[in-house]
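K.L.:
With the input below, show me the fold.
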Amino acid sequence: MGHHHGHNHTHEHSDLKGRNLVISIILNIGITTAQVIGGIFSGSLALLSDALHNFTDVISLIISYVANKLTKKKASFQKTFGFKRAEILAAFINASALIIIAVLLIIEAIKRFQNPEEIQSNLVIWLSIIAILGNGFSVLLLKKDAQANMNMKSAYLHLFTDMMASVAVLLGGLLMKYYQLYWVDSVLTFAIAIYLIWMGFDLLKDSTKVLMLFTPDTIPVKKIVKEINAFDSINNVHHVHIWQLNEDEIHLEAHIDFNEDITLSQFDEVLRDIEDFVLEKYQINHVNIQPEYGKEGPKDIIVQD
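P.N.:
Numbers count the residues shown, from 1 in each chain. Reported below is the predicted structural model:
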């Protein structure tokens, strides 16, 4: 078995990522508290829904922070992969929370639309401005990490959607203040919820694929098998598994039937060639090959274990 390890995150970067999460958590606790109090006193469902969304931000950021810390823990005999998938699990939980909260908001918005209530718009306006500034700062803190990490992307999406929701609440507050259009509060809540579902679905789908050990969409299994089969000493590549363990690792496992009864040192040379090939062309950085010669059994590319 051979391995190439491709780790893109240094310890210093990981510490910075954790610090940015802590800052975002503190900011969102403050925003959530202010919006809950303001929503109760103003009577604004949109403000309360934004507060509820902010509360899910706090939970998601805490989950992301814990997951970020867990990934640093070393592997053991009972946990041979360590906690490398903690961040993927966190992304799945966060995306699920987004969709569940969105459905609850839609139900409440429909009820409120049927019975609009007068709302203290001044409080809505000022609190939405505070939320925009706080979430905007958090978005800037996490933007860079979100580009390369699914867990950080989930936290980033929570904050970004909440910032946009706060912008919508601000516009709604202005409409209520100057035009007394109180039904706008329910419409905005409904729009925020739809946006949450749209943003959360892709992340839920992507994290589910990783948790289910599906082959990444960018990996053409048949093409890779054909290319490895073209190696001179190889007769057949079969029983192939390709999966993504976490953000940094893609694994390939296969059985290879050789043309001749080669020595172990010759196999090592072929293995190094395969490792270099799949790493350079497909970013597959963990390779596990079982060599065979004249062994009977299924020779299909995909064999059900």
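K.L.:
Could you use CA atoms for every contact and neighbour count after this?
P.N.:
OK.
K.L.:
quick one: which helix or strand includes residue 243?
P.N.:
Using DSSP states H and E, residue 243 maps to strand 234-244.
K.L.:
Report all helices and strands that that strand contacts.
P.N.:
Applying 3 or more CA pairs under 8 Å, 6 or more residues apart in numbering; DSSP states H and E, one finds that strand 234-244 contacts helix 221-229, strand 250-258.
K.L.:
Now the helix or strand just after the last one: buried residues?
P.N.:
So the one you mean is strand 250-258. The C-terminal neighbour of strand 250-258 among helices and strands, as given by DSSP H and E, is helix 264-282. Buried residues in helix 264-282, defined by neighbour count with 16 or more other CA atoms under 10 Å: 267, 270-271, 274-279.
K.L.:
again with stretch 66-74
P.N.:
Buried, per 16+ other CA under 10 Å, within stretch 66-74: 66-71.
K.L.:
would you turn those into CSV with pLDDT and secondary structure?
P.N.:
CSV is the format used below for the buried residues of stretch 66-74 (pLDDT from 0 to 100; DSSP: H, G, I helix; E, B strand; the rest coil):
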residue, pLDDT, secondary structure
66, 81, helix
67, 78, helix
68, 74, helix
69, 81, helix
70, 82, helix
71, 77, coil
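K.L.:
For the most centrally placed residue in the chain, give its distance to residue 86.
P.N.:
The chain has residue 150 as the residue nearest its centroid, 3.3 Å off, counting by CA atoms, centre = their mean. Taking CA to CA, to the nearest Å as the measure, residue 150 falls 11 Å from residue 86.
K.L.:
right, so of the helices and strands packed on strand 234-244, which gets closest to residue 54?
P.N.:
Each of these has some distance to residue 54 by CA to CA; the shortest is strand 250-258, at 33.8 Å.
K.L.:
helices or strands next to the closest one in the packing?
P.N.:
With 3+ CA pairs under 8 Å, 6+ apart as the test, strand 250-258 has strand 234-244, strand 286-292 packed against it.
K.L.:
Confirm residue 127 sits in a strand?
P.N.:
No: going by DSSP: H, G, I helix; E, B strand; the rest coil, the assignment for residue 127 is helix, not a strand.
K.L.:
That one contacts residue 32, correct?
P.N.:
No: contact status for residue 127 versus residue 32: not in contact, 10.0 Å apart, counting by CA atoms under 8 Å.
K.L.:
quick revisit: go through the buried residues of helix 264-282 and name the one nearest residue 136.
P.N.:
residue 279 (37.8 Å).
K.L.:
now the closest one, nearest residue through space, not along the chain?
P.N.:
In this structure, residue 279 finds its nearest non-sequential neighbour in residue 285, 5.4 Å apart by CA to CA, 6 or more residues apart in numbering.
K.L.:
From the recorded domain assignment, give the ranges for this protein.
P.N.:
As given by automatic domain parsing, the domain ranges for the chain are 2-211, 221-292.
K.L.:
Switch these over to a markdown table; also include distance to residue 303.
P.N.:
As requested, the domains of the chain are exported to a markdown table (distance: least, CA to CA, whole Å):
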| stretch | distance to residue 303 |
| --- | --- |
| domain 2-211 | 19 |
| domain 221-292 | 5 |
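K.L.:
Just name the most buried of the ones you listed.
P.N.:
domain 2-211 (a mean of 20; mean count of other CA atoms under 10 Å).
K.L.:
remind me which residues of the stretch 101-250 of the chain are low pLDDT?
P.N.:
Applying pLDDT under 70 to the stretch 101-250 of the chain flags the ranges 148.
K.L.:
Helices of that one, residue ranges please.
P.N.:
For the stretch 101-250 of the chain, the helices defined by DSSP state H, counting those that start in this stretch cover 121-146, 150-179, 184-211, 221-229.
K.L.:
and the longest one, what does it pack onto?
P.N.:
Which is helix 150-179. Using 3+ CA pairs under 8 Å, 6+ apart: helix 150-179 touches helix 45-70, helix 86-114, helix 121-146, helix 184-211.
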